[in-house]
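what would the 3D arrangement of this be:
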Amino acid sequence: LASRDPVGVYVSLLSRGRILAMKGLGGFHLAVDAADHRAVVRLRRRKHREEKPLAVMVRDLPTARELAHVDDEEARALTSIQRPIVLLRKRRRHGLSPQVTPRNRFVGIMLPYTPLHHLLMEGPYRALVMTSGNRTEEPINIRNEEAFDNLRGIADYFLVHDRDIHLRSDDSVVRVVGGVTRQIRRSRGYVPVPVFLPEQWKDLPRVLAVGGELKNTVCLTRRNEAFLSQHIGDLENLETEEFLRLTVSHLERILEIKPSLVAHDLHPDYLSTRYALERSSSATTAVQHHHAHVVSCMAEHGLEGPVIGLAFDGTGYGSDGKVWGCEFLLADLVSFRRRGHLEYVPLPGGDAASRSPWRMALVYLYHVFEEDLFDLPIRFVQRLDRRKARVILQMARGGFNAPLTSSCGRLFDAVAALLGIRDEIAYEGQAAVELEMCQSPRENGAYGWEIAEEAGMMIIRVRETLRGIVGDLVRGVPKGIISRRFHNTGVRLCAAACERIREQEGLSTVVLSGGSFQNVTLLLGLTRALEQRGFSVHSHRLGPANDGGLALGQAVCAGWRHAGRKGAFEEGRST
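Okay, here's the model as predicted:
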C-alpha cells in the first residue's frame, strides 16, 4: 500500500478487522484485533487452527494487567529482554474474543520487542493476536516471497521490510509455576545462550544431539556449555526436516563446533534418527527417550546420580519396543534401570488413538469391566457408536495396529473422554489441559490404586481408580470433583511408589521430567508430597520438560558414555 503514513494505514486496517501478515524479528506473524470475534474466527478458519490457543501482544505491562492476573515474577518475565510469551490467568472480564483461548483459563501474552511492534500497538485496540506466520505444521515463514506464496490465502494484507531474516525463530513461551519461570518453548531471546553445565564436565567430547520427533530442538556441546537450538517443530514433513538441517549447520558454523559424536533417539523411524545416521563423518549413539528426559533435568541441576527419575509423557520408544510414557527409572547420566511403569494397555490405531481420547477411554473400560462395559449407566457408554466400539476393541484384543503402551498422557486422555470433556482433540495435549482446567481445587479426595511387583518391576495398576471414576459418574458427582480426585490419586500414587523405591534402593533424590509435568497440579502436588516425605525434588527451569528439552539429555548422556564414564545400571544402558 502506497502511503506517507504506512503504519497508520495498517493500524486502520487492523482496527477494521483485517488480517495482517507482518515481518518480525524471527519470522512472520499473523496479526488481528484480539477483541474482534469475527476476525479471530476468520483467522482460525483460514489457518486451519480450530482450537489451539492463540497468543496476544499488548502495548505495556498495565494493559497486560487489565487482561490477566500478573504477579511480580510474571511481570519480570514479561518485561525481560527476552520478551517471551507468558502464560497468564485471564481476568473474568478480559475483553478478548472467546476464540483466542477457547475452554482455557489462561492466555499467552507478550510485550512488543521491535520498533514496528511498538508503532502498531499505538492503535485503538488493546491487544493483537500474534500467531506464527505459517501454514499448519510447517515452519514459520521468513522471506518476503515465501510469505506472499504461503500466506496469500490467510492474510488480507502484508507488512514487509528489506531486512533479511537468516534463521527463523519462533516466540519463546514460559509459565511461572511455584514462583519459578519455566520454559515451555525455548526459542527467540534465549537462543543461543547456553545451558551451563558443571565445570568438572568440561572435558567431555563435543556432541551434536538431534532430539526427537515432536517439538524438536537440537543441542551442541562445547566444554561445559550446552547450546540448545530454537524450536524447530514436529518433524512431520520435508520443510521441517530441512529446517533441522539448516539449524544444525548454522549452529555448527557460528559456534565453531565440529562434533565428534551424534546422539539420537532410540526410535529407528524418527526423521531425526535417520538424519543422525546419515552423518557418516561422526560416530553415533542412541539414547532411550525417557532416560534422555531424566538426564536433561539432571544436567540443569548438575546432578550425576543415581536418582529416581520420573519421566511422564505421551509417547516414547521403549527398550522393549513398546510405547513407554509413565516411567519410574533408576538413572545416572550414563545408564538407567526401569524400576516401574503404568500397566500396559493397547493403543488402538497407534497414533490415531492419541488424537481420539474416546478410544483410550474405551480400552481402559474394557481393561476393567470387559464386555460388561456396555451395561455401564454412564453417558460415555450411552453415546458410543457400538459398531465403531466393537471394531476398536477387536483391534485392541487382536493386537492389530494396537501396540502396547504405558503412556501417562493416554491415561489422562481416557479420563477426559470419560468425563465428557473431549472425545477428539485439535492439538497435542488438549484433553489433558482441559481436564486440569475443569478441576475443583478444594477437593481432597482420591481413588484407589495398586502397586504390584512382577519380577522386580513395579506395575502401577489403575483398575480401582477407574472403578472409582465410573462410580462417581453413576452417582452424578460433578466432573470438576472427579478431575481433582484423579489428579490427587496420581500425586499420592507416585509418592507411594517413590517411597517404595527409596526403601529398596536407598535413593532419596527425585527428578521430574516429561511433558506431563507441565500439568501444574501434578508438578506442584507431587513436589510438595515428596518434599514432605524427605525427598530432594528437582524439576525443569532452564529447558522445557517436554520434548523440546530432549536433546540436552541426549547430548549429556552421549558425552559421558563416549568419555568412558561408567554407569551403575548396565542392563538399561542407552546404546
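
show me the contact partners of stretch 244-264.
With contacts defined as CB atoms under 8 Å, 6 or more residues apart in numbering, stretch 244-264 is touched by 166-167, 192, 205-210, 216, 218, 220-222, 227, 229-230, 232, 235, 270-273, 275-277, 279, 282-287, 551, 554-555, 557-559, 562. Where you see a C-beta, it was placed from the backbone N, CA and C, and this is true even at glycine.

please narrow those to those residing in helices.
Secondary structure from DSSP state H places 271-273, 275-277, 551, 554-555, 557-559, 562 of the contacts of stretch 244-264 in helices.

pick the one among these closest to residue 309.
Nearest to residue 309 out of those is residue 557 (CB to CB; 11.9 Å).

surely that closest one meets residue 293?
No. Using CB atoms under 8 Å, residue 557 makes no contact with residue 293, being 10.6 Å away.

partners of the longest strand seen in the chain in the sheet?
If you go by DSSP state E, the chain has its longest strand at strand 307-317. Using DSSP bridges, the strands paired with strand 307-317 in its sheet are strand 323-331 (antiparallel), strand 509-513 (parallel).

who's in contact with residue 182?
Counting by CB under 8 Å, 6+ apart, the residues that residue 182 touches are 174-176, 539-541, 545.

wait, residue 237
137-138.

list phi and psi for it.
For residue 237, the backbone dihedrals (degrees, to the nearest 10) come out as phi -150, psi 170.

and the gap between it and residue 330?
Taking CB to CB, to the nearest Å as the measure, residue 237 and residue 330 are separated by 38 Å.

output the contacts of residue 182 in TSV, with pLDDT, neighbour count and distance to residue 130 appended to each entry.
Shown next, in TSV, are those (pLDDT from 0 to 100; neighbours: other CB atoms under 10 Å; distance: CB to CB, whole Å):
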residue	pLDDT	neighbour count	distance to residue 130
174	98	26	16
175	98	20	18
176	98	20	20
539	98	22	29
540	98	28	26
541	96	14	26
545	98	27	25
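
can you redo those residues as a markdown table with secondary structure and distance to residue 71?
Formatted as a markdown table, the contacts of residue 182 follow (DSSP: H, G, I helix; E, B strand; the rest coil; distance: CB to CB, whole Å):
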| residue | secondary structure | distance to residue 71 |
| --- | --- | --- |
| 174 | strand | 13 |
| 175 | strand | 12 |
| 176 | strand | 7 |
| 539 | coil | 19 |
| 540 | coil | 20 |
| 541 | coil | 17 |
| 545 | coil | 21 |
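
which of those sits closest to residue 137?
Out of the contacts of residue 182, the member with the shortest distance to residue 137 (by CB to CB) is residue 545, at 22.6 Å.

what sits closest to that closest one if chain neighbours are left out?
residue 517 (4.7 Å; CB to CB, 6 or more residues apart in numbering).

which non-adjacent residue is nearest residue 558?
residue 263 (3.6 Å).

buried set for the longest helix anywhere in the chain?
Identified as the longest helix of the chain according to DSSP H is helix 479-505. Buried residues in helix 479-505, counted by 16 or more other CB atoms under 10 Å: 479-495, 497-502.

before we move on, what about stretch 73-93?
74, 77-78, 82-88, 90.

do stretch 124-131 as well
125-131.

adding distance to residue 454, neighbour count and pLDDT, write the ones in helices among the contacts of stretch 244-264 out as JSON lines.
JSON lines is the format used below for those (distance: CB to CB, whole Å; neighbours: other CB atoms under 10 Å; pLDDT from 0 to 100):
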{"residue": "271", "distance to residue 454": "35", "neighbour count": "19", "pLDDT": "95"}
{"residue": "272", "distance to residue 454": "33", "neighbour count": "24", "pLDDT": "96"}
{"residue": "273", "distance to residue 454": "31", "neighbour count": "22", "pLDDT": "96"}
{"residue": "275", "distance to residue 454": "38", "neighbour count": "18", "pLDDT": "95"}
{"residue": "276", "distance to residue 454": "35", "neighbour count": "23", "pLDDT": "96"}
{"residue": "277", "distance to residue 454": "35", "neighbour count": "14", "pLDDT": "94"}
{"residue": "551", "distance to residue 454": "33", "neighbour count": "33", "pLDDT": "98"}
{"residue": "554", "distance to residue 454": "30", "neighbour count": "35", "pLDDT": "98"}
{"residue": "555", "distance to residue 454": "34", "neighbour count": "35", "pLDDT": "98"}
{"residue": "557", "distance to residue 454": "28", "neighbour count": "34", "pLDDT": "97"}
{"residue": "558", "distance to residue 454": "32", "neighbour count": "32", "pLDDT": "97"}
{"residue": "559", "distance to residue 454": "35", "neighbour count": "28", "pLDDT": "96"}
{"residue": "562", "distance to residue 454": "35", "neighbour count": "17", "pLDDT": "92"}
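
circling back: need the buried residues of stretch 73-93 in a markdown table with pLDDT and secondary structure, can you?
Formatted as a markdown table, the buried residues of stretch 73-93 follow (pLDDT from 0 to 100; DSSP: H, G, I helix; E, B strand; the rest coil):
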| residue | pLDDT | secondary structure |
| --- | --- | --- |
| 74 | 98 | helix |
| 77 | 98 | helix |
| 78 | 98 | helix |
| 82 | 97 | coil |
| 83 | 98 | coil |
| 84 | 98 | coil |
| 85 | 99 | strand |
| 86 | 99 | strand |
| 87 | 98 | strand |
| 88 | 98 | strand |
| 90 | 97 | strand |
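
biggest separation within those residues, which pair?
82 and 90 (22.6 Å).

can you report how many residues neighbour residue 467?
Counted with other CB atoms under 10 Å, residues neighbouring residue 467 total 14.

show me what contacts it?
368, 447-448.

7 Å instead, please
residue 368 (CB atoms under 7 Å, 6 or more residues apart in numbering).

what does the one 5 residues further on give?
Listed by CB under 7 Å, 6+ apart, the contact partners of residue 472 are residue 482.

look up which helix or strand the residue nearest to residue 138 when sequence neighbours are not counted falls in, please.
Closest residue to residue 138 apart from its sequence neighbours, by CB to CB, 6+ apart: residue 239 at 5.0 Å. Assigned by DSSP states H and E, residue 239 belongs to helix 238-255.

quick check: what element follows that helix along the chain?
strand 261-265.

and the angle from that following strand to helix 271-278?
Between strand 261-265 and helix 271-278, the angle comes out at 150 degrees (axes from the mean of the first three to the mean of the last three CA atoms, to 10 degrees).

what angle do strand 261-265 and helix 238-255 make?
Using the same axes, to 10 degrees: strand 261-265 against helix 238-255 is 150 degrees.

strand 261-265 pairs with which strands, and in what direction?
According to DSSP bridges, strand 261-265 has these partners: strand 207-209 (parallel), strand 283-287 (parallel).

packing partners for the longest helix of the chain?
Applying 3 or more CB pairs under 7 Å, 6 or more residues apart in numbering; DSSP states H and E, we find helix 479-505 packed against strand 307-317, strand 323-331, strand 450-454, strand 457-461, helix 463-474, helix 520-532.

so which of the ones you listed comes closest to residue 390?
Of the helices and strands packed on helix 479-505, nearest to residue 390 by CB to CB is helix 463-474, at 20.1 Å.

next up, the contacts around residue 232.
Counted by CB under 7 Å, 6+ apart, residue 232 has contacts 216-217, 240, 243-244, 247.
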